[in-house]
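In: structure for the following, please:
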Amino acid sequence: MYPELTIIALSILVYSVIAGRIDQLPVSGPILFVLTGLIVSPLAIGFFDMQVNGEHLRTLVELALALVLFTDASKTNLRSLEHNKKLPLRLLLIGLPLTIVAGVISGYFIFEGFLWVELAIIATILAPTDAALGKVVVTNQRVPSNIREALNVESGLNDGISVPVLFLLIAISEATTVGDISIQYGVGLFLREIGVGLLVGLGITYICDWLIQFSISRNWVEDTWKTVVIVALAFSVFSIAQLMGGSGFIACFTGGVLYGSINKKNKGKLLIAAEGAGDSLSLVTWMIFGALVVAAYLPHFTWSVILYAILSLTVVRIIPVMISMLKAGLSVKQQMFIGWFGPRGLASIVFAIIIIDIELPHRETIILTVVCTILLSVLAHGFTANPLTKLLAKTNKTQKTTVK
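Out: Modelled structure (predicted):
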């Protein structure tokens, strides 16, 4: 364990002192940590051989994603979101379902012998976008605010919306016949996940924020403990929502939005430490993903798996987004920018772990495809984030000058 801990600690230390410089380059933290994980994995030099089971990895990924969702949502500009709320609604209500449908259709022509429910499962696993991988885009001021808020809200909510869909599909696959699963069950599952997540996120955050402000106003909170307040709040919101049968991801995002809107005075100081913790957890996750998951599955990638992964990141994502953006007042380049920056990451890892113990005829191929898609996403979106952001900013500036 100590060799692996040393590698992780030193990697985070080195990255933390040069992160500002790396953010200016066409490379990202996830790329560096996945590649580092691969280099030290048993597939290469073999320094990293930590024993991590699916439950441990799922817990780590869920906590990292919960913290990233909460902190990113806390920085949401509600005025901008209110003005541009149609964009995220279009992405979630039109783009997300169409992406799943497009994934099913693509899988039908690529994977032989797959059941329709297996195609739907793989499409649902890869439908959510990743808040952590997309952070470099949604925090870049060069990107128009309406696009940033749309991508941020989409990545914050689409994984929570996909959870009940995935569980419903799993239930269907485990049923003797499709008729054993009623429409009422599916609707009830969907509403419970979203409704409980929403109520817990708003309720727990409001109560805890009152407690935090009450304590701060009386100087009961020492500076050393201010660094963990938001971390504990995000984890509490997530775990309570999960315990009550709701979506912890939706709870964290909605809780973060509420926290950011009602606590404008102190949120900056409290969020900095939590944001750093979330980024660190994400990087640890990416190293373990590279060292243990990618290293194990990389030799088994097939051309059909790679083809589906490429389509998932391009056609399956971009076309539904462009359809959802019809008559939204965006240029084709802006629509394609939104479509391209739908990275797959932490949420898809969680979903893949969920199906490990599910009896599916082509389970291994599904997991292979998910791992391949995430790996390609880390590389493709990481390398293109800064260059395409600069190109979009230049295009918008040229359009404004032309209009004048």
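In: contacting residues around the residue nearest the centre of the chain?
Out: Nearest to the geometric centre of the chain sits residue 130, at 2.3 Å (C-alpha atoms, centre = their mean). Residue 130 is in contact with 155, 343-348, 377, counting by C-beta atoms under 8 Å, 6 or more residues apart in numbering. In this view, the C-beta of every residue, glycine as well, is placed from N, C-alpha and C.
In: could you do residue 350 as well?
Out: Residue 350 touches 58, 61-62, 65, counting by C-beta under 8 Å, 6+ apart.
In: out of these, which are buried?
Out: By neighbour count, with 16 or more other C-beta atoms under 10 Å, the contacts of residue 350 hold 58, 61-62, 65 as buried.
In: so of the residues you listed, which ones are in strands?
Out: Members of these lying in strands (criterion: DSSP state E): none.
In: any chance of these in JSON lines, plus pLDDT?
Out: Converted to JSON lines, the buried ones among the contacts of residue 350 look like this (pLDDT from 0 to 100):
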{"residue": "58", "pLDDT": "87"}
{"residue": "61", "pLDDT": "90"}
{"residue": "62", "pLDDT": "90"}
{"residue": "65", "pLDDT": "89"}
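In: using JSON lines, lay out the residues you listed together with distance to residue 29.
Out: Shown next, in JSON lines, are these (distance: C-beta to C-beta, whole Å):
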{"residue": "58", "distance to residue 29": "21"}
{"residue": "61", "distance to residue 29": "16"}
{"residue": "62", "distance to residue 29": "19"}
{"residue": "65", "distance to residue 29": "15"}
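In: which of those residues lies closest to residue 209?
Out: Residue 209 has its nearest neighbour among the buried ones among the contacts of residue 350 in residue 65, at 21.5 Å by C-beta to C-beta.
In: tell me who's in contact with that closest one.
Out: Here residue 65 is in contact with 131-132, 159, 249, 346-347, 350 (criterion: C-beta under 8 Å, 6+ apart).
In: now swap in residue 312 and tell me
Out: Here residue 312 is in contact with 103, 106, 126, 344, 373 (C-beta under 8 Å, 6+ apart).
In: give me the element it is part of.
Out: helix 303-313 (DSSP states H and E).
In: using CSV, write out the CA atom coordinates for that helix.
Out: Taking Å, rounded to 0.1, in the frame of the first residue of the first chain, the C-alpha atoms of helix 303-313 are listed here in CSV:
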residue,chain,number,x,y,z
TRP,A,303,-12.5,-2.5,-33.2
SER,A,304,-16.2,-2.6,-32.5
VAL,A,305,-15.6,-1.3,-29.0
ILE,A,306,-13.4,1.5,-30.2
LEU,A,307,-15.8,2.4,-33.0
TYR,A,308,-18.8,2.7,-30.6
ALA,A,309,-16.6,4.8,-28.2
ILE,A,310,-15.8,7.2,-31.0
LEU,A,311,-19.4,7.5,-32.2
SER,A,312,-20.5,8.0,-28.6
LEU,A,313,-18.2,11.0,-28.2
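In: list the buried residues in that helix.
Out: In helix 303-313, counting by 16+ other C-beta under 10 Å, buried: 305, 307-309, 311-313.
In: can you check stretch 20-31 too?
Out: 27-31.
In: out of those, name the two that are farthest from one another.
Out: 27 and 30 (9.6 Å).
In: next, show the common contact partners of the two.
Out: residue 382.
In: what packs against the lengthiest helix in the chain?
Out: For the chain, the longest helix by residue count, based on DSSP state H, is helix 363-403. Counting contacts by 3 or more C-beta pairs under 8 Å, 6 or more residues apart in numbering; DSSP states H and E, helix 363-403 packs against helix 29-40, helix 116-125, helix 135-138, helix 295-297, helix 303-313, helix 332-340, helix 346-354.
In: so which of those helices comes closest to residue 69?
Out: Comparing these against residue 69 with C-beta to C-beta, the closest turns out to be helix 346-354 (9.4 Å).
In: what's the spacing between the closest one and its chain's center?
Out: Centroid separation for helix 346-354 versus its chain: 10 Å, with C-alpha atoms, centre = their mean, to the nearest Å.
In: thinking again about what came up before, what angle do the longest helix of the chain and helix 346-354 make?
Out: 170 degrees (axes from the mean of the first three to the mean of the last three C-alpha atoms, to 10 degrees).
In: where are the low-confidence patches of this structure?
Out: Applying pLDDT under 70 to the chain flags the ranges 78-83, 131, 175-186, 265-267, 396-404.
In: which residues of the stretch 151-300 of the chain fall in strands?
Out: With strands called from DSSP state E, counting those that start in this stretch, the stretch 151-300 of the chain shows none.
In: in stretch 94-103, what's buried?
Out: Within stretch 94-103, the residues scored as buried using 16+ other C-beta under 10 Å are 94-96, 98-100, 102-103.
In: in helices, which of those fall?
Out: Short answer: the buried residues of stretch 94-103 in helices (DSSP H) are 96, 98-100, 102-103.
In: that older thread, now the buried residues of helix 303-313 as a markdown table including distance to residue 274?
Out: Output for those, formatted as a markdown table (distance: C-beta to C-beta, whole Å):
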| residue | distance to residue 274 |
| --- | --- |
| 305 | 37 |
| 307 | 40 |
| 308 | 36 |
| 309 | 33 |
| 311 | 36 |
| 312 | 31 |
| 313 | 30 |
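In: closest one of those to residue 87?
Out: Checking the buried residues of helix 303-313 one by one against residue 87 (C-beta to C-beta), the nearest turns out to be residue 313, at 20.8 Å.
In: next up, the contacts around the closest one.
Out: Counting by C-beta under 8 Å, 6+ apart, residue 313 makes contact with 342, 344, 373, 376-377, 380.
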